[in-house]
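[1] The following block contains a protein sequence and its predicted model.
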Amino acid sequence: MSTKFREKEKSLHVEELIEGIEKLTPSLKIIEDEIDRLNIQELAPHEKHQIIRNMERVWYLIKLLKLLQSFFKEKMGFGGDSVLNYLFLSRKYNEVPRFTFDLDASWRERVEMKRTLLKEFLEFNKHLAVERESLELPVTDDKTIYLYTVEYDSEKDFFPDFLSLRYPTLSRWSGEEFYKYARRITGLNMDYAVIDALRRIFASTLGVSNARIDYIRFEVSIGYEYPVRRESIELPFNLGRVEINVTELEYQLASKIANRVGKDFGEHLPYVLPDILKAATDLRLLRYTDLEKVKTYAEEISGESFQELVIVADKNISILLEKGRRY
């Protein structure tokens, strides 16, 4: 290694960076152990590699959920596909989940403006910094970018009652190469000595020299009063047991029936077949729920009788089986 690169690594606080990366990223062993726990049979090598790539993103999603619940406590609740698949199907009922990569949350206190909520997340980011749950990645000698902090996601924030946020993380396989990401965010080109030093650090900690930066995206609904219950759940990846506020399972499944599987989409049905398939897959959880409660919620959400929903669902699933096999 040249003297120039030794000096550059010294100026980048290498030991501190390595310590931060090792704390904030999942090891391959942790990912592979979780796949083994799921006991997925007869995987070809290329299939297992794809699952490993996807599970890295799932680790970040679950870690973020844990951090949010720990900090915001009763202010926040969680629901949606990630909760259904990674907490209930996978951990509570030992079934193989389907992959999904967004996190859905709800803000349980009254707020008038998104700006108020953004201030809450500024405090959350300060907490992450204090707890060393965020990372400064050098771009130049005097410029850094922040990873593992919550950012406002202007690209996705379209609706007045949902706040779209994102959480940039280091990744082995998905996202944008780190130096390209840094250039896009800062408008600055990394010095080659910085790139080379970081490549050495990434190779030693992640096993890949050209690490990438990816976003874990999540939404926080505002002004909705979902029925919530407290659940004690063992998280995947040995991330510990948490007490978490989740939207009632019966309500979440009723929403999938009312808004997807049992909804009459008319001529637009071919365009939503993938969503109907995903919802139908998640309805495996019906066997663990109070079905009468599901029916009541489905009728409340849809404004239709449950029998009418069943008739439409039968038609939608028949068309899915006929025309949607490629999914």
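    Yep, that arrived.

[2] CA only for contacts and neighbour counts going forward, please
    Will do.

[3] and Gly77, what helix or strand is that in?
    Assigned by DSSP states H and E, Gly77 belongs to strand 76-79.

[4] Other residues contacting that strand?
    Outside strand 76-79, the residues that touch it by CA atoms under 8 Å, 6 or more residues apart in numbering are 69, 103-108, 228, 244-247, 252.

[5] Okay, and which of these map to strands?
    103-107, 228, 244-247 (DSSP state E).

[6] Of all pairs in those residues, which one spans the longest distance?
    With distances taken as CA to CA, the most widely separated pair in the ones in strands among the contacts of strand 76-79 is Leu103 and Val228, at 16.3 Å.

[7] who's more crowded, the two?
    Between Leu103 and Val228, counting by other CA atoms under 10 Å, Leu103 is the more crowded of the two (22 against 17).

[8] Quick check: the gap between the closest residue to that one other than its chain neighbours and Leu67.
    Distance criterion CA to CA, 6 or more residues apart in numbering; nearest residue to Leu103, sequence neighbours excluded, is Phe218 at 4.6 Å. Distance, Phe218 to Leu67, by CA to CA, to the nearest Å: 13 Å.

[9] Give me the domain ranges for the chain.
    3-245, 248-323 (automatic domain parsing).

[10] Could you export those as CSV, including mean pLDDT?
    Listed next are the domains of the chain as CSV, based on pLDDT from 0 to 100:
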stretch, mean pLDDT
domain 3-245, 92
domain 248-323, 96
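
[11] quick one, longest helix in this protein?
    When the chain is parsed with DSSP state H, its longest helix is helix 45-72.

[12] From the contact counts, what lies against that helix?
    Judged by 3 or more CA pairs under 8 Å, 6 or more residues apart in numbering; DSSP states H and E, helix 45-72 is in contact with helix 28-38, strand 102-107, strand 162-171, strand 212-222, strand 241-247.

[13] re earlier: now list the buried members of the ones in strands among the contacts of strand 76-79.
    103-107, 228, 244-247 (16 or more other CA atoms under 10 Å).

[14] and these as TSV, adding distance to Ile301?
    Formatted as TSV, those follow (distance: CA to CA, whole Å):
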residue	distance to Ile301
Leu103	22
Asp104	18
Ala105	19
Ser106	17
Trp107	20
Val228	16
Ile244	24
Asn245	21
Val246	18
Thr247	14
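
[15] out of those, who's nearest Ile31?
    Leu103 (19.3 Å).

[16] any idea how far that closest one lies from Val83?
    To Val83, Leu103 is 8 Å away according to CA to CA.

[17] Same check on His49?
    Using CA to CA, we find His49 at a distance of 24 Å from Val83.

[18] returning to what we had before: toward the C-terminus from the strand holding Gly77, list the very next helix or strand.
    helix 81-82.

[19] helices or strands next to that following helix in the packing?
    Here helix 81-82 touches strand 102-107, going by 3+ CA pairs under 8 Å, 6+ apart.

[20] who does the strand it packs on pair up with?
    Here strand 102-107 has these sheet partners by DSSP bridges: strand 76-79 (antiparallel), strand 212-222 (parallel).

[21] if we compare the ones you listed, which one ends up closest to Ser232?
    Ranking the strands paired with strand 102-107 by proximity to Ser232 (CA to CA) places strand 76-79 first, at 13.1 Å.

[22] Phi, psi for Thr140 please.
    Main-chain torsions, Thr140, degrees, to the nearest 10: phi -130, psi -170.

[23] from what I can see it touches Val194, true?
    Yes: using CA atoms under 8 Å, Thr140 makes contact with Val194 at a distance of 7.0 Å.

[24] How many residues are close by the closest residue in space to Thr289 that isn't next to it in sequence?
    Sequence neighbours aside, Glu250 is the residue nearest to Thr289 in space, at 6.3 Å (criterion: CA to CA, 6+ apart). Glu250: 22 surrounding residues under other CA under 10 Å.
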